[in-house]
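>>> fold the following for me, if possible:
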Amino acid sequence: MKDKTVFICQSCGAHSPKWMGRCHACGEWNTLVEEVEDEAPSGGISYAPTEPVLYKDIQDIPRQRLTVGIEDFNKVLGGGLVSGSLVLVGGEPGIGKSTLLLQVARDMAAGEATVLYVSGEESLEQIKLRGDRLGVRDGRLFLLAETNLERILAQAERLAPNILIVDSIQTVFSAKMTSGPGTISQVREAANQIFRYAKNRQVPTFLVGHITKDGTLAGPKSLEHIVDVVLLFEGERDHSHRVLRAMKNRFGPVSELAVFEMTAAGLQPILNPSAFFLRERPREEVGSAVVCTVKGTRPLLAEIQALVSSTLFTGNPRRMTIGLDHYRTAMLLALVEKKAGYSFAGEDIYLNVAGGISIDEPAVDLGVVMAVVSSLKNVPLPQDMAFFGEVGLSGEIRSVNQPLVRIKEAHSLGFGTVLLPAGNLAALDKNDLPAIQCVGAKTVRQALDHIF
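Predicted coordinates for the structure are as follows:
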């Protein structure tokens with residue numbers, strides 16, 4: 001009997017009975033791959049029938065957490081690595097995913113844990129060269145260069161590691177399936193099998209995932225639903241810093257963030273990211289504003305740089321942003337023109353977050369407005385002043401969350417004044433405020449009048 005084949009889009013997973021140059025569901029070109037529809041069912045552990053349990057009869061089981069040697073990594077995970085959890089680490093090629101996980105393996109193996117590091121992309125000699133650079137020494141760190149799923153699980157059963165690392169999930173294939181490695185069927189099958197192993201053996205497992213050209217995790221969307229934690233490792237190639245943040249976490253918050261610096265000796269945690277990003281800030285320069293943003297529970301000071309110059313294309317000025325939301329920035333510029341009386345009609349405007357980081361929090365709206373007006377008027381902002389506040393379409397400055405945390409961070413870095421929403425200032429207990437001047441503003445016009 002001839003096997004029935006189907007063409008599956010490798011971007012969205014849509015099925016088609018025949019090959020087409022363009023996927024009918026997501027519109028991507030040349031993504032349809034022929035696969036056998038009725039593939040052999042995946043092997044695995046058979047489960048006994050289960051009975052429903054009354055909610056009040058369920059006993060609380062304290063989840064054991066393993067402490068990773070990198071403290072900031074523990075915070076992103078929600079306090080440590082949960083036994084039996086499946087963690088997916090995604091990022092662009094060359095960003096440092098393998099380096100980060102090899103450092104985790106090094107620290108765990110040094111603490112007498114057994115770690116199995118499976119690599120499907122590099123040879124054992126390549127991994128050892130990186131390990132020597134990272135300072136890997138004695139410990140129960142086992143390396144395995146293998147892409148066959150059944151062999152990987154067999155070695156894991158034999159070795160019984162405390163931690164399993166698979167780098168990467170897109171290179172692993174099951175011999176029970178006819179499709180090639182990296183296809184949606186293979187990635188789904190490999191993730192399901194490793195998920196069952198992690199849960200039944202209570203082994204914390206890391207999976208390394210690739211990133212597509214549009215910035216999403218490669219493979220089926222079900223891959224993100226299968227795993228317990230999705231971590232995104234990102235950064236600019238031209239900058240030394242890397243940011244690790246959680247996109248999904250069943251055992252903790254998803255808003256935590258860790259900042260690392262890539263050095264010759266590996267990734268080093270940046271204990272004070274605010275000082276790191278402000279270390280090269282120019283003094284008394286127009287268009288430079290320091291904003292107080294919060295990533296999870298961590299306050300972060302960043303520099304917003306604005307450049308306003310006369311356009312060469314009359315009637316079609318340029319608006320460019322790096323690290324900020326382009327549409328929100330356009331809205332703020334229109335608001336300043338309408339409510340404050342400034343005109344940007346003949347001006348090109350360029351906005352950048354110094355250091356290569358991205359900020360999507362509305363609390364930086366006030367800093368963006370101040371930086372643009374400063375560059376337009378060619379008047380520098382006070383060097384020791386920081387800003388935070390969300391700007392509404394009526395020109396009002398709205399309150400934001402965690403104002404005291406932002407104020408304390410600005411004070412710790414030597415800032416003498418903070419311009420913030422009047423609503424936040426009124427709600428704060430004066431006894432809790434550090435020795436820093438806090439100026440409240442209700443509207444954008446009031447804030448601009450105070451500065452200029």
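>>> wait, is Met409 part of a helix?
Actually, residue 409 is Glu. It isn't Met. Yes - Glu409 forms part of a helix when assessed by DSSP: H, G, I helix; E, B strand; the rest coil.
>>> show me the contacts for it.
Going by Cβ atoms under 8 Å, 6 or more residues apart in numbering, Glu409 touches 274, 292, 299-301. Heads up, the C-betas are built off the backbone N, CA and C, glycines and all.
>>> so what strands line up beside the strand ranked longest in the chain?
For the chain, the strand with the greatest residue count under DSSP state E is strand 298-310. Using DSSP bridges, strand 298-310 pairs in its sheet with strand 288-295 (antiparallel), strand 347-353 (antiparallel).
>>> after the shortest one, which helix or strand is next? Please name it.
It stands for strand 347-353. The helix or strand immediately downstream of strand 347-353 is helix 365-377, counting by DSSP states H and E.
>>> need the next SSE after that following helix, C-terminal direction.
Assigned by DSSP H and E, the successor of helix 365-377 is strand 385-387.
>>> so for that following strand, mean pLDDT?
Looking at strand 385-387 alone, the average pLDDT works out to 97.
>>> swap in stretch 111-119?
93.
>>> what lies in contact with that stretch?
Residues contacting stretch 111-119 (Cβ under 8 Å, 6+ apart): 66, 69, 98, 101-102, 105, 108-109, 127, 139-146, 152, 155-156, 159-167.
>>> which helix of this structure spans the most residues?
helix 184-201 (DSSP state H).
>>> just after it, pick out the following helix or strand.
By DSSP H and E, the next helix or strand past helix 184-201 is strand 205-209.
>>> pLDDT of stretch 158-178, averaged?
92.
>>> dump the helix or strand just after the longest strand of the chain to PDB, restricted to CA.
Remark: after strand 298-310, the chain's next helix or strand is strand 319-322, criterion DSSP H and E. What follows is strand 319-322, C-alpha atoms only, in PDB (Å, rounded to 0.1, in the frame of the first residue of the first chain):
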ATOM      1  CA  ARG A 319      10.800  59.300  11.500                       C
ATOM      2  CA  MET A 320      13.200  56.600  12.600                       C
ATOM      3  CA  THR A 321      13.300  54.800  15.900                       C
ATOM      4  CA  ILE A 322      15.700  52.100  17.300                       C
END
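>>> so what strands line up beside strand 319-322?
Here, using DSSP bridges, strand 319-322 pairs with strand 347-353 (parallel).
>>> contacting residues around the strand it pairs with?
Under Cβ under 8 Å, 6+ apart, the answer for strand 347-353 is 302-312, 317-324, 329, 333, 359, 368, 371-372, 376.
>>> pLDDT on it, on average?
95.
>>> now that strand and helix 365-377, what's the angle there?
Orientation of strand 347-353 against helix 365-377 (axes from the mean of the first three to the mean of the last three Cα atoms, to 10 degrees) gives an angle of 140 degrees.
>>> show me the contacts for Pro434.
407-408, 411.
>>> swap that for Glu361, sorry
With Cβ under 8 Å, 6+ apart, Glu361 has these contacts: 293-294, 400.
>>> torsion angles phi and psi at it?
Backbone torsions for Glu361, taken as degrees, to the nearest 10, come to phi -90, psi 130.
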